[in-house]
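# Take this sequence and fold it.
(chains A and B)
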Amino acid sequence: MSTFKYNDTEFAVTAAGQGWDITRTLPDGSAALVGTGLFAGMGPAEAQIRALALVKAIYPVGIKVVGPDVAHPNMIGDLRIVGPDVTHPNFIYWDKDSASCPAQL
Amino acid sequence: MEIKGSVVLVTGGGNGIGEAVAKYFAKQGASIAIVDMEQKNINRVVADLKAMGAEAIGVRANVTSEAETARFVQATLAAFGKLNITVACAGIIRDGTMLTLDKETGKVSRKMGLDKWAPVIDVNLTGTFLTLRDAAEAMVNGGWPGLLVTISSVNKCGQVGQLNYSATKVADALMPKIIIGEFMLRGIRNIRCVGIAPGYTATPLLTGMNQDALQAILKDVHLGRLVEPEEIARTIGHCAENEAINATTIEVTGGLCYAGGIAK
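Purely as a prediction, here's the structure:
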């Protein structure tokens, strides 16, 4: 098993059969599956590189997952806690460009 | 298209029809990317898929955001290197009549607001459009054979109290014809598009409702029971395997009828 930290969250890459499982550590210390059975046949080093790329795609910089599964509830009384507006022109997005989502740096 | 070895993206994959679709394709040997708004549901379904021995990822994302649809397609490619089947299951309801009248005066006492109208349009229509658009972009650029699936509803024919929902579902039913027409013009021959129009389906939304109201609904169903989500999933699987099914929307309702006995 190898671990890496990204965007203040710890991730673990664990061998599972012929592939790899990726888990993230939740604020309460428990683990949640990000993906399972991935990158079949790859060695540990290559799997970790691919895992980091996948995690960057799932959790782009600037976004922390908030919701009932983490320490931050979605609702506090009538106040709704939401993530940042990633479509806002001032939001710094990830560095992968596409025709439908141009990078904004 | 052979399902085994293909990569399937399912929005709304955290419960209901989306969950059933994800598990059906996993059983057939596909790799699965599920997208949902509820992280708890994502965690549960990905754990179930792991127990089935499937390859899977879960992405928490909002289908109404261009940035997020691009992100979950990108995540799918980062995990599996390709994309073959996309099922846009994410959908919501906000039922209500356009006008509500005061019983005593007969005058309008309330109107459906944008708070009920807009979210349904955003998720069911714009979300489906963005999901299929970005999935198709990946399929075309990657050169992979593909299938795009919209989830319509038998209520595409119109249902009182669902002006917002029915408007989106008739549009979702029409999308396959327009998309395939466009693909024909563009010379894109290896990507198909079909719609599925479920009837009353045994999702938590319906099974948890008032049981008397549920029985009243079932009186109009020739089959005499709710459609199971797995039956919807199997139909989508058949669409994947049968390449002749294209540019159309298939109803899976169990024979839903109007009160007079005419099938809807």
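
# you'd agree B:Gly5 is up against B:Glu55?
No - here B:Gly5 does not reach B:Glu55: they are 10.3 Å apart, not a contact under Cβ atoms under 8 Å. All C-beta atoms are positioned from the backbone trio N, CA, C, and that covers glycine.

# So which of these two has more stuff around it?
For B:Gly5 versus B:Glu55, the count of surrounding residues by other Cβ atoms under 10 Å in any protein chain shown is larger for B:Glu55: 24 against 11.

# Which pLDDT does the model give residue 62?
Just so you know, I chose chain A. A:Gly62 carries a pLDDT value of 54.

# Hmm, no, I was thinking of chain B.
92.

# can you count the residues close to it?
For B:Asn62, using other Cβ under 10 Å, the count is 23.

# how many neighbours does the residue lying closest to it once chain neighbours are set aside have?
Distances taken as Cβ to Cβ, 6 or more residues apart in numbering or on different chains place B:Glu68 nearest to B:Asn62, at 5.0 Å, with adjacent residues excluded. Neighbours of B:Glu68 under the rule other Cβ under 10 Å: 24.

# Equivalent analysis for B:Gln74, please.
By other Cβ under 10 Å, the burial measure for B:Gln74, its neighbour count, is 23.

# pLDDT score assigned to the closest residue in space to it that isn't next to it in sequence?
Distance criterion Cβ to Cβ, 6+ apart; nearest residue to B:Gln74, sequence neighbours excluded, is A:Ala57 at 4.8 Å. As predicted, A:Ala57 sits at a pLDDT of 90.

# can I see the domain layout of chain A?
A:2-58, A:62-100 (automatic domain parsing).

# Comparing the ones you listed by mean pLDDT, which bottoms out?
domain A:62-100 (a mean of 53).

# hang on, the earlier thing: would you double-check that the residue nearest to B:Gln74 falls in a strand?
No - read with DSSP: H, G, I helix; E, B strand; the rest coil, A:Ala57 is helix and lies in no strand.

# Would you check how far apart it and A:Ala32 are?
Separation of A:Ala57 from A:Ala32 (Cβ to Cβ, to the nearest Å) stands at 17 Å.

# again, but for B:Gly14
Applying Cβ to Cβ to B:Gly14 and A:Ala32 gives a distance of 13 Å.
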